[in-house]
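K.L.:
Fold the following for me, if possible:
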Amino acid sequence: MGLRNVQAEVALPSAARGAGTYTSGPLAAAGTAADVLLSVHCTAASGTPTLDCSLEESADGSTWTAVPGSAAAQLAAVGNRVAGAGITKNYVRVTSTVGGTTPSMTYRVALWIRPE
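P.N.:
Model (predicted):
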């Protein structure tokens, strides 16, 4: 068995983000994602922040549900997190939430997608 091609995408480019929820658009063509690796890289944090990132999937590209087991461990400071999951529906996207007291976090989220 040989190596397979992998699609890599920056789901959320590096930016400073305050409190709120941020989502990417669909990142894989319909039905192509099988296994997805989520990578979070936070380069700056201020206030008392928290950052939660995970995957969502959709059969139709408009109704989204959480992918079980896809949440990266919460970040509360500069650092990195990785999580992975199997996708069972046609589309996949990233959702991230910045919370805490007067939070600001500069981070990016990338995905590595192994097609079916």
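
K.L.:
Tell me which residue lies nearest the centroid of this protein.
P.N.:
Most central in the chain under Cα atoms, centre = their mean is residue 94, positioned 3.6 Å from the mean C-alpha point.

K.L.:
List the buried residues of the helix or strand harbouring that residue.
P.N.:
Per DSSP states H and E: residue 94 is located in strand 91-115. Neighbour-count burial for strand 91-115, counted by 16 or more other Cβ atoms under 10 Å, picks out 91-100, 103, 105, 107, 109-111, 113-114. No exception for glycine: its C-beta is placed from N, CA and C like everyone else's.

K.L.:
which strands and helices sit next to the host helix or strand of residue 34?
P.N.:
Element membership of residue 34 [criterion: DSSP H and E] is strand 33-58. On a contact count with 3 or more Cβ pairs under 8 Å, 6 or more residues apart in numbering; DSSP states H and E, strand 33-58 meets strand 7-17, strand 65-66, strand 79-86, strand 91-115.

K.L.:
of those, which approaches residue 32 most closely?
P.N.:
Nearest to residue 32, of all these, is strand 91-115, at 4.6 Å by Cβ to Cβ.

K.L.:
correct me, but residue 95 touches residue 53?
P.N.:
Yes: taking contacts as Cβ atoms under 8 Å, residue 95 lies within contact range of residue 53: 7.3 Å.

K.L.:
on that earlier part again, contacting residues around the residue nearest to the centre of the chain?
P.N.:
By Cβ atoms under 8 Å, 6 or more residues apart in numbering, the contact set of residue 94 is 11, 12, 23, 24, 27, 38, 53, 54, 55, 56, 109, 111.

K.L.:
I'd like to know how far residue 105 sits from residue 68.
P.N.:
From residue 105 across to residue 68, the span is 25 Å (Cβ to Cβ, to the nearest Å).

K.L.:
Would you mark the buried spots in stretch 42-57?
P.N.:
Neighbour-count burial for stretch 42-57 [16+ other Cβ under 10 Å]: 42, 45, 49, 50, 51, 52, 53, 54, 55, 56, 57.
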